[in-house]
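Asks: sequence plus predicted model, see below.
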Amino acid sequence: MGFWGIEVKPGKPHPYHSDNVEGRLYVTQATLGLGSSTERSILQCSVGHKSPIFLCSLLPDRIESCSLNLEFKDELVAFSVIGPRSIHLSGYFVSDEGDHLR
Amino acid sequence: MGFWGIEVKPGKPHPYHSDNVEGRLYVTQATLGLGSSTERSILQCSVGHKSPIFLCSLLPDRIESCSLNLEFKDELVAFSVIGPRSIHLSGYFVSDEGDHLR
Amino acid sequence: MGFWGIEVKPGKPHPYHSDNVEGRLYVTQATLGLGSSTERSILQCSVGHKSPIFLCSLLPDRIESCSLNLEFKDELVAFSVIGPRSIHLSGYFVSDEGDHLR
Amino acid sequence: MGFWGIEVKPGKPHPYHSDNVEGRLYVTQATLGLGSSTERSILQCSVGHKSPIFLCSLLPDRIESCSLNLEFKDELVAFSVIGPRSIHLSGYFVSDEGDHLR
Amino acid sequence: MGFWGIEVKPGKPHPYHSDNVEGRLYVTQATLGLGSSTERSILQCSVGHKSPIFLCSLLPDRIESCSLNLEFKDELVAFSVIGPRSIHLSGYFVSDEGDHLR
């Protein structure tokens, strides 16, 4: 089990393959990165060739953090940002070897 | 198990039948789509002939994302939008074949 | 298992007896109904003769939705609104016959 | 199982001993009480002689409700308010006799 | 089982080793501490030599509290604040001896 976090930067889609962590990933928070632009930054998630889906929209000086509740296991997705600032994603993963019996 | 997402467009109710995914669907987030209108967009859910129930109300430039916590299994519902902009719904599904023992 | 939703109107306390649904009810979201008043509307819950407890306060044009996390089983409560506009409550119920083993 | 709620008033710390309810208490929401002051009210929690910890900060006309996620069992804590207005806490308890198998 | 809380002060990274509590820690809320500065304060989490990840961004007079959903077990992390004001973290821990079977 452990803390998990990435920074998704504008123009740099961040692929996530759950094979990278052993077990299940819970993504629970998105927070706007540093910067001076006051334009919104939108986090989106793409699976294969489907249209990307917006996960949250962060507004500088208004709403800079957002709770999420996503679970990933055995799949390949890509996170990306529409807008000028990066978005930090955080959460935790739980290994399959039974350290999270609930 | 997998990521799930749809875009619900104004004037186009989006039926959801949980038979489409094998197992249980968790809808956990709503985010305003792109557009220039500053009017609110409201997400609602209808079951059969009952009055639709509002799930969230998104305000451009103020509150553009909203956490949800809904579970669907073996039922037919329709999501629709009141207002000018689309709303992206996201979440995940968990198959019944036991990949989500918790 | 199924979607659940009600509209609680000002001046009309809405009794809820969990016998009405078979199993356990999860109330997870409150959203302001339509209307032109810009005054706040407060959702409250009463049990028997105790003082009502505020569950959330919704502000037109500012905060029109609110996540909740309440579970009900085998009890009689009443939801009511203080203020000019109705509040939509949504969530889901899970029957006792074992369709929600987690 | 049942709904739980208290109103914590300024200047009146509200002790909570989980022996008062049989089982486990989930505190899931805080909402600002009525009043005309526009100053913030902060909810805090104290355990023994440790410094109190802020749980949320509510701002009249801006953010008047806040989701919480706290569980209590077999412990003595005290909730109190810094600021001019009361704060309503709500949630639910689950008895130990097994009515909440999940 | 028990309530857990710390105050993370600017310039003083707060190490957290989950060995300090017996079992699993759930961090569920962040709230801005007292102070007069109106600049944002950002909570971040570091693991080893990796870049710190932002967990939330709190804005005085706008958004002073934020829900989190993090779980920690058997790991060493450090919480720190970027900005002028402290951030209170709260949540609860659950011991491994089985008092939280769910």
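Replies: Ah, there it is.

Asks: since we're on residue A:63, how many residues are nearby?
Replies: Each residue near residue A:63 was counted by other CB atoms under 10 Å in any protein chain shown, and the total is 21. Glycine gets a C-beta too; all of them are placed from N, C-alpha and C.

Asks: and for residue A:32?
Replies: A count of neighbours around residue A:32, defined by other CB under 10 Å, yields 28.

Asks: ok, residue A:76 touching residue A:14?
Replies: No: counting by CB atoms under 8 Å, residue A:76 does not reach residue A:14; the two are 11.8 Å apart.

Asks: any idea whether the residue most central in space within chain A is helix, strand or coil?
Replies: With distances taken as CA atoms, centre = their mean, residue A:89 lies nearest the centre of chain A, 4.3 Å away. Secondary structure assignment for residue A:89 (DSSP: H, G, I helix; E, B strand; the rest coil): strand.

Asks: wait, it sits on residue A:80?
Replies: No: the pair residue A:89 / residue A:80 is not scored as a contact, 11.5 Å apart, by CB under 8 Å.

Asks: any common contacting residues for these two?
Replies: Counting by CB atoms under 8 Å, 6 or more residues apart in numbering or on different chains, the residues touching both residue A:89 and residue A:80 are A:8, A:43.

Asks: what sits against the closest residue to residue A:35 other than its chain neighbours?
Replies: Using CB to CB, 6 or more residues apart in numbering or on different chains and skipping the chain neighbours, the partner closest in space to residue A:35 is residue A:85 (4.1 Å). With contacts defined as CB under 8 Å, 6+ apart, residue A:85 is in contact with A:10, A:32-35, A:37, A:39, A:41, A:58, A:60.

Asks: report pLDDT for residue A:85.
Replies: Note for residue A:85: predicted pLDDT of 98.

Asks: where's it, which helix or strand?
Replies: Using DSSP states H and E, residue A:85 maps to neither a helix nor a strand.

Asks: with residue A:80 instead?
Replies: If you go by DSSP H and E, residue A:80 is part of strand A:76-82.

Asks: is any residue of stretch A:25-32 near chain C?
Replies: No: counting by CB under 8 Å from any CB of the partner chain, no contacts exist between stretch A:25-32 and chain C, the nearest distance being 13.6 Å.

Asks: do that stretch and chain E meet?
Replies: Yes: for a cut-off given as CB under 8 Å from any CB, stretch A:25-32 has contacts with chain E, namely A:26, A:28-29, A:31-32.

Asks: can you pick the most crowded of these?
Replies: Busiest of the residues of stretch A:25-32 next to chain E [other CB under 10 Å] is residue A:32, holding 28 neighbours.

Asks: residue of chain A nearest chain E, please.
Replies: residue A:5 (3.0 Å; CB to the nearest CB).

Asks: is it true that that residue lies in a strand?
Replies: Yes: Residue A:5: assigned to a strand according to three-state DSSP.

Asks: distance of the closest residue to it other than its chain neighbours from residue A:93?
Replies: Among residues not flanking residue A:5 along the chain, residue E:53 sits closest, at 3.0 Å (CB to CB, 6+ apart). According to CB to CB, to the nearest Å, residue E:53 and residue A:93 sit 14 Å apart.

Asks: contact partners of the helix or strand of chain A with the lowest mean pLDDT?
Replies: In chain A, the helix or strand scored least confidently by mean pLDDT, DSSP states H and E is strand A:14-17, which has a mean of 89. Residues external to strand A:14-17 that are found in contact with it (CB under 8 Å, 6+ apart): A:6, A:8, A:25, A:72, A:75-80.

Asks: just the buried residues out of these, in PyMOL syntax.
Replies: Buried residues among those (16 or more other CB atoms under 10 Å in any protein chain shown), as a PyMOL selection:
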select buried, chain A and resi 6+8+25+72+75+77+78+79+80
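
Asks: where is pLDDT lowest across the contacts of strand A:14-17?
Replies: Within those, lowest confidence goes to residue A:75 (83).

Asks: wait, doesn't that one sit right on residue B:4?
Replies: No: applying CB under 8 Å, one finds residue A:75 not in contact with residue B:4, separated by 11.0 Å.

Asks: how about low-confidence regions in chain A?
Replies: In the predicted model of chain A, residues A:18-22, A:97-102 satisfy pLDDT under 70.

Asks: where exactly do the strands run in it?
Replies: Secondary structure of chain A (DSSP state E): strands at A:2-8, A:14-17, A:24-32, A:41-46, A:53-58, A:65-72, A:76-82, A:87-94.

Asks: before we move on, back to that, for the residue nearest to the centre of chain A, list each beta-bridge partner.
Replies: Counting by DSSP bridges, residue A:89 is bridged to residue A:6, residue A:30.

Asks: how about the contacts made by it?
Replies: Residue A:89 touches A:5-8, A:27, A:29-30, A:43, A:68, A:79, E:53, counting by CB under 8 Å, 6+ apart.
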